[in-house]
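[1] My questions are about this predicted structure, shown below with the sequence.
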Amino acid sequence: MKVGLVSPYDFASPGGVNDHVRRLAVRLRQLGHEARIFAPSSRADVDFDSARFYRIGTPIAIPVNDSVARITLSFHLANQVAAIIADEGFDVLHFHEPLMPALPITMLRMSTTANVGTFHAFARSNVGYFYGRPLLQPYLAHLHRGIAVSEPARAFVQRYFPDFPLRVIPNGVDLNVYRPGLAPIRHLRDENLNVLFVGRLEKRKGLGDLLRAYRAMSMRVPQTRLIIVGDGPLRGRVESYVARHRLANVVLAGYVPESVKPRYYDSADIFCAPATGAESFGIVLLEALASGLPVVATEVPGYMSVLESGRDSVTVQPNNWRELAASLVILARDADLRRRLSDYALRKARRYSWDLIASEVVEVYQEAREAVAAQPAKAMEVTGVHHAV
Amino acid sequence: MGEWTWRGFKVVQSLVERLPRAWAYALAVMAARLAWRFSPLARPRLEYNLKIACPELRDDPMALRRLSRLNFQNHAKAYADLMQLPSARIEAMRPLLKVKGLENLDAARSLGRGVLAVSCHMGSYEVVSAIWAATLAPVSFFAEELEPRALFEWYRDTRARLGISVLTLDMGGIRKVLQALREQEMVITAIDRDITETGYLMPFFGKLAPIPLGPASIALRLGTPLLPVCVYRLPDDTYMAEAAPHVFAKSTGNPRADQVRATQELLRQIEGFIRQHPEQWHVPHRIWAGSP
């Protein structure tokens, strides 16, 4: 099967959706399918096989959902994309965030093959979906099958488009890459207990709460270290917080290459994910579980769709650093509890192995192809709206 | 003083980090020219060392001048590389690294006892190790703790981000080195400078210098092969890592003699590397007694 994977986000900057696309492409290839990726990119070189990657458009940063989406807004890409699609002759086009402007929505409009869409995002509300409903509905009808990465992501889409059926297929994790027993970063393995945070340094990841909690925690559990992996707009504020409160043992690792990231998980004792709300899934949680780390996380819907509180994690109210600190202290003092959570985490991670997930996705591709065979699709008319933009 | 060194370093580093590589090098070369002209001690010490390493320079002051200036420039470029590391996209830098003598490394590795790579202060070893660690296999540095502490922590975190563990020359560090070697990792260290001042006097370029026996004693204890390696910059600003055939510390019952023998064998290889690229041997430090 020849599959085109379409991502709206800047392929050169790290993020959950692109990570998903990248790994799915690799797995599809291993399963004997051909995969191509379409995405905007701010750099020509994206660390992915260039023969299988189509760089469409240049992304711009748009603040949305307490984060920054790097998408392309070039609606004039249509001709370029049409030529490639005609040339490649895909069996399936798989759109990630299919209703996101401009790349997925432009390609969806022109596609005559089997279309599958995966919805990753979750938020309390989406003005675009709300007001755009009449406009977006025809696009949605163009999708033959829909996937949501979690229950909250599905509920979010169905709030606006209640009739659209979605199957939940979670994100996967590569169990060969994330596993216990890798070479740790050796100087981080000392008498200190390491708390690890992995994520973009931005507001919605809740790093502010974690820093406050760590400050409280380090007074009660002296031998601790906080390792922050990731970069982002809040880096300066994190640095100044650490300096202002003279927090000892905080390692700001910055952006860590994918090849080294698993070793950071294997250097840690506790994983902390303090996001404040708008998370649909949290791939980092899977990586932590697969590395056998006990997790302290906030009870946001996306995280709770992965975690089972008390079995693989300790969960706390979002935006509540006191609770977060208390949980960290309890977990730091109780090695037995950490071991129990970690054992369960390792067993659980097997359910999310990319091999299983990719074969489920291929099943959906087959269904979509059958749907197309039953009722051949035709490209949507270019509407007046598109001429307007 | 320490605090101000650190602040100064950080200011320069955050500037250099944001520059394109070519600009950073241009700035480095300018700084190197100033340092070469005005440094009170670094240049005389470097020239003293170079004269011992390359005796033919003793009678050729012009060549020595040229070589020491080039050495300063390369050293400054190595610093620029280091300062750019925090934002470097290291995965993309793999094509910049060429390797010579990979079969020697493979041979040492195939013994299954880890590899203790022994080198000298040459070339941009930071970048080369970073590329190696991020794209090929984990490595650890066995190196001194710098002063001030903040600078050392910066070094350590920057290296760690790229997969390099930094183990200090103390008991805790040595324990970790042993552990890393037992888990078949590669540990890198340099023996051309006696930093802890516990070195054993032996001929280095024919003149007695204190040389650390630590690597040889670890190798003797674990049966780890010692691999002489060096890295240097090619004229197009790419990097070459070169490995010579490995050396064993064989036990004959007299540990000190065994350590000295293995270390001397390593030194012969390292002398060879330095003679080939004296312009990249960055040692504006005291190595031999009698140095300025």
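    Structure received.

[2] What residue in the stretch 201-350 of chain A comes nearest to chain B?
    A:V260 (4.0 Å; CB to the nearest CB). C-beta: built from backbone N, CA, C; applies to glycine.

[3] list the contacts for the closest residue to that residue other than its chain neighbours?
    Excluding the flanking residues, the one nearest A:V260 by CB to CB, 6 or more residues apart in numbering or on different chains is B:G163, at 4.0 Å. B:G163 is in contact with A:I185, A:P257, A:S259, A:V260, A:R263, B:A130, B:A133, B:A134, B:P138, B:V139, counting by CB atoms under 8 Å, 6 or more residues apart in numbering or on different chains.

[4] next one: A:M1
    A:H33, A:E34, A:D91, A:V92, A:V362, A:Y365, A:R369.

[5] again with A:F281
    By CB under 8 Å, 6+ apart, the neighbours of A:F281 are A:G16, A:H120, A:F122, A:V149, A:S150, A:A153, A:P170, A:N171, A:G302, A:S305, A:V306.

[6] quick one, what contacts the fourth one?
    Meaning A:V149. By CB under 8 Å, 6+ apart, the neighbours of A:V149 are A:H20, A:T118, A:F119, A:H120, A:V168, A:I169, A:P170, A:N171, A:S280, A:F281.

[7] From chain B, how far out is it?
    26 Å (CB to the nearest CB, to the nearest Å).

[8] Rebuild the contacts of B:G163 as CSV, extending it with distance to B:D81.
    As requested, those are arranged in CSV below (distance: CB to CB, whole Å):
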residue, distance to B:D81
A:I185, 21
A:P257, 17
A:S259, 20
A:V260, 18
A:R263, 23
B:A130, 9
B:A133, 15
B:A134, 14
B:P138, 21
B:V139, 17
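
[9] what two of the contacts of A:V149 are the furthest from one another?
    The span of these, defined through CB to CB, is set by A:H20 and A:V168 at 14.2 Å.

[10] got any ranges where the stretch 51-200 of chain A has weak pLDDT?
    A:51, A:60, A:62-77, A:122-132 (pLDDT under 70).

[11] what ranges do the helices span in the stretch 151-300 of chain A?
    Here the stretch 151-300 of chain A has its helices, by DSSP state H, counting those that start in this stretch, at A:151-160, A:207-220, A:235-244, A:261-265, A:283-290.

[12] Return the set of buried residues in the last one.
    Pointing back at helix A:283-290 there. Within helix A:283-290, the residues scored as buried using 16 or more other CB atoms under 10 Å in any protein chain shown are A:I283, A:V284, A:L285, A:L286, A:E287, A:A288, A:L289, A:A290.

[13] B:Q84 against B:V16, yeah?
    Yes. Judged on CB atoms under 8 Å, B:Q84 makes contact with B:V16 at a distance of 6.3 Å.

[14] List of residues touching stretch A:360-367?
    Under CB under 8 Å, 6+ apart, the answer for stretch A:360-367 is A:1, A:3, A:24, A:28, A:31, A:33, A:91-92, A:94, A:114, A:116, A:144-145, A:147, A:167, A:169.

[15] Let's see the PyMOL selection covering just the buried ones among the residues you listed.
    Here is the PyMOL command that selects the buried residues among the contacts of stretch A:360-367 (16+ other CB under 10 Å):
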select buried, chain A and resi 1+3+24+28+33+91+92+94+114+116+144+145+147+167+169
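
[16] tell me the SS of B:M30?
    helix (DSSP: H, G, I helix; E, B strand; the rest coil).

[17] Got the confidence number for it?
    For B:M30, the pLDDT comes out at 95.

[18] for B:Q179, same thing?
    90.

[19] Give me the helices and strands touching the host helix or strand of it, please.
    Here B:Q179, judged by DSSP states H and E, is contained in helix B:171-182. Counting contacts by 3 or more CB pairs under 8 Å, 6 or more residues apart in numbering or on different chains; DSSP states H and E, helix B:171-182 is packed against strand B:139-143, strand B:164-168, strand B:186-190, helix B:214-222.

[20] The second one close to chain A?
    Right, strand B:164-168. Yes. Judged by CB under 8 Å from any CB of the partner chain, strand B:164-168 comes into contact with chain A at B:S165, B:V166, B:L167, B:T168.

[21] Let me know the closest of these to B:H121.
    Among the residues of strand B:164-168 next to chain A, and counting by CB to CB, the member closest to B:H121 is B:V166, at 15.9 Å.

[22] ok, B:P138 touching A:R263?
    Yes. If you go by CB under 8 Å, B:P138 and A:R263 touch, sitting 6.8 Å apart.

[23] what do those two both touch?
    With CB under 8 Å, 6+ apart as the test, B:P138 and A:R263 both reach A:A183, B:G163.

[24] Ignoring the adjacent residues along the chain, who's closest to the residue of the stretch 101-250 of chain B found nearest chain A?
    Closest residue of the stretch 101-250 of chain B to chain A, CB to the nearest CB: B:S165 (3.5 Å). Nearest residue to B:S165, sequence neighbours excluded (CB to CB, 6+ apart): A:R186, at 3.5 Å.

[25] Can you pull up the most central residue in chain B?
    For chain B, B:H121 is the residue whose C-alpha lies nearest the centre (CA atoms, centre = their mean; 3.2 Å).

[26] Quick check: it touching B:W281?
    Yes. Counting by CB under 8 Å, B:H121 touches B:W281, with 6.8 Å between them.

[27] residues shared between the contacts of these two?
    B:D192.

[28] measure the closest residue in space to A:S111 that isn't next to it in sequence to B:W132 for me?
    Nearest residue to A:S111, sequence neighbours excluded (CB to CB, 6+ apart): A:L93, at 5.0 Å. Distance, A:L93 to B:W132, using CB to CB, to the nearest Å: 40 Å.

[29] B:I52 is in contact with B:R275, correct?
    No. Here B:R275 does not reach B:I52: they are 11.3 Å apart, not a contact under CB under 8 Å.

[30] re earlier: so how far is the helix holding B:Q179 from its chain's centroid?
    Mean C-alpha position of helix B:171-182 versus that of the full chain (CA atoms, centre = their mean, to the nearest Å) differs by 19 Å.

[31] That concludes my questions; thank you for your assistance.
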